[in-house]
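Asker: No letters, just coordinates:
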């Protein structure tokens, strides 16, 4: 899949992209790497970062709970796509609201394109 | 999300035995936090969202996070501590606050393109969903989190869309609703066409995605009340039953008064939705 042009497009393509990672057994790693790359731009000490940063908690938990094999379940795919959809939509909405900066939104999109696509 | 969000700390400092997060959603990505532990969680009476995920610190779970879901049929009674002195096991530290987020899918960018929606000519209005969650600070034996029956009085339907030659669409929250009535009245002096759909949202930008080896999550629109032509002054009643028609994320109403010229309001709709099955 081509890289997403913006966070809303990234959200809408989350199921498709997660299913591609699922199909090749890379969903666990993709989620973990997405968190590792994305979370650094949303330090929790800044309260305005939390509406986005808090989503890294369930994504990290889901990734940790997965087996490092092809034996992911369809419900894990559903959950992964849902969580990625929501963090991207949160980033889009919080940028519109002025709570996060354009570089932060761009960093979240870059983490998505580097790891989920 | 309304930001800054209401704080559960203020409820505790004020001596209240509960904290109520009662807010309108802004985005499907809304997530809320509480620095207070509690003895029970329940859906509040005003909530349009039926299912809410609660994430909390649990050192025995993956990444030190555990989760449960509450709904109008299932509250959670049990002590959940907010461990702000501990961190979830994320690469950068995030304290062990309790987190809430809708489990139901909400998407204000949804457009019924598969039903012929025109971005140019049509108008679409959403009833913005309310998230209402209650955190109790005193032990309770049980909770029955009954939601109120929601009433919507929709008086300003533009049945000619934005440009005066389109269609008007209204979107109403349907999560978890099991029954309801829709009363349509034509107050125009010309015929009015009304159609009612149930919408199950998927995660995709476009329904007409080319068939793929990958899974897709597709939005489904199901006709509940077929196109009904109302003569001037006519009323039409549709009764919704989950057991007959299924359960949906949205109710979508389509209004078209083709023979009037220009814009103008002439369609009214009165809706009552309930969690009680008929």
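Answerer: Sure, I can see it. The model shown is predicted, which means the values in this text are computed figures rather than measured ones.
Asker: quick one: the residue of chain A found nearest chain B from residue A:96, how far?
Answerer: Using Cβ to the nearest Cβ, residue A:90 is the residue of chain A that sits closest to chain B, at 2.8 Å. The way it works is simple: take the backbone N, C-alpha and C, and place the C-beta from them, glycine included. Distance, residue A:90 to residue A:96, using Cβ to Cβ, to the nearest Å: 11 Å.
Asker: Same drill for those two, tell me which one is more crowded.
Answerer: Shown here are residue A:90 and residue A:96; by other Cβ atoms under 10 Å in any protein chain shown, residue A:90 has more neighbours (29 against 14).
Asker: what secondary structure does the more buried one sit in?
Answerer: With DSSP: H, G, I helix; E, B strand; the rest coil as the basis, residue A:90 sits in helix.
Asker: Pretty sure it sits against residue B:31.
Answerer: Yes. Between residue A:90 and residue B:31 a contact is recorded at 6.6 Å, counting by Cβ atoms under 8 Å.
Asker: Overlap in contacts, those two.
Answerer: A:51, A:55 (Cβ atoms under 8 Å, 6 or more residues apart in numbering or on different chains).
Asker: re earlier: for the residue of chain A closest to chain B, what are its contacts?
Answerer: Contacts of residue A:90 (Cβ under 8 Å, 6+ apart): A:51-52, A:55, B:27, B:29-31.
Asker: cutoff 6 Å now
Answerer: A:51-52, B:29 (Cβ atoms under 6 Å, 6 or more residues apart in numbering or on different chains).
Asker: low-confidence ranges in chain A?
Answerer: A:69-71 (pLDDT under 70).
Asker: how does it look with 90?
Answerer: Across chain A, the ranges flagged by pLDDT under 90 are A:1-2, A:12-13, A:15-16, A:19-20, A:22-25, A:66-78.
Asker: Need the phi and psi values for the residue nearest the centre of it.
Answerer: Closest to where the C-alpha atoms of chain A average out (Cα atoms, centre = their mean) is residue A:84, at 3.9 Å. When quoted as degrees, to the nearest 10, the phi and psi of residue A:84 stand at phi -70, psi -40.
Asker: List the contacts of it.
Answerer: A:14, A:116 are the contacts of residue A:84 under Cβ under 6 Å, 6+ apart.
Asker: so how far is residue A:8 from it?
Answerer: 13 Å.
Asker: in the chain, which spans are helices?
Answerer: Using chain A here. A:7-12, A:14-23, A:27-38, A:50-53, A:56-65, A:74-96, A:102-115 (DSSP state H).
Asker: look at chain B instead
Answerer: Going by DSSP H, chain B shows helices at B:8-13, B:242-245.
Asker: hang on, residue B:31 packs against residue B:100?
Answerer: No. The pair residue B:31 / residue B:100 is not scored as a contact, 7.1 Å apart, by Cβ atoms under 6 Å.
Asker: coming back round to it: shared neighbours, residue A:90 and residue A:96?
Answerer: With Cβ under 6 Å, 6+ apart, residue A:90 and residue A:96 have no common neighbours.
Asker: Nearest spatial neighbour of residue B:28, chain-adjacent residues omitted?
Answerer: What sits nearest to residue B:28 in space, not counting adjacent residues and going by Cβ to Cβ, 6 or more residues apart in numbering or on different chains, is residue A:89, at 4.5 Å.
Asker: And for the one you found, the neighbour number?
Answerer: Residue A:89: 28 neighbours (other Cβ under 10 Å).
Asker: Could you report the separation of it from residue B:122?
Answerer: 23 Å.
Asker: try residue A:51
Answerer: 31 Å.
Asker: The two: who's more crowded?
Answerer: residue A:51 (28 against 23).
Asker: Report the contact partners of that one.
Answerer: Residue A:51 touches A:90, A:94, counting by Cβ under 6 Å, 6+ apart.
Asker: for residue B:111, same thing?
Answerer: residue B:117.
Asker: ok, it to chain A distance?
Answerer: 12 Å (Cβ to the nearest Cβ, to the nearest Å).
Asker: Setting the sequence-adjacent residues aside, check what's closest to residue B:267.
Answerer: residue B:157 (4.0 Å).
Asker: is it true that that neighbour touches residue B:168?
Answerer: Yes. The pair residue B:157 / residue B:168 is scored as a contact, 5.2 Å apart, by Cβ under 6 Å.
Asker: got any residues that touch both of these two?
Answerer: By Cβ under 6 Å, 6+ apart, the residues touching both residue B:157 and residue B:168 are residue B:255.
Asker: mind listing what the nearest residue to residue B:242 once chain neighbours are set aside touches?
Answerer: Nearest non-adjacent residue to residue B:242, counting by Cβ to Cβ, 6+ apart: residue B:178, 4.3 Å away. Shown in contact with residue B:178 (Cβ under 6 Å, 6+ apart): B:242, B:275, B:277.
Asker: Just list whatever residues bridge to residue B:180.
Answerer: On the basis of DSSP bridges, residue B:180 takes part in beta bridges with residue B:240, residue B:273.
Asker: quick one: contacts for it?
Answerer: B:240, B:272-273 are the contacts of residue B:180 under Cβ under 6 Å, 6+ apart.
Asker: So which of these is the closest to chain A?
Answerer: residue B:273 (24.5 Å).
Asker: Need the pLDDT of that closest one.
Answerer: On the pLDDT scale, residue B:273 is placed at 97.
Asker: for residue B:228, same thing?
Answerer: As predicted, residue B:228 sits at a pLDDT of 96.
Asker: surely it meets residue B:237?
Answerer: No. Look at residue B:228 against residue B:237 with Cβ under 6 Å: they stay out of range, at 10.5 Å.
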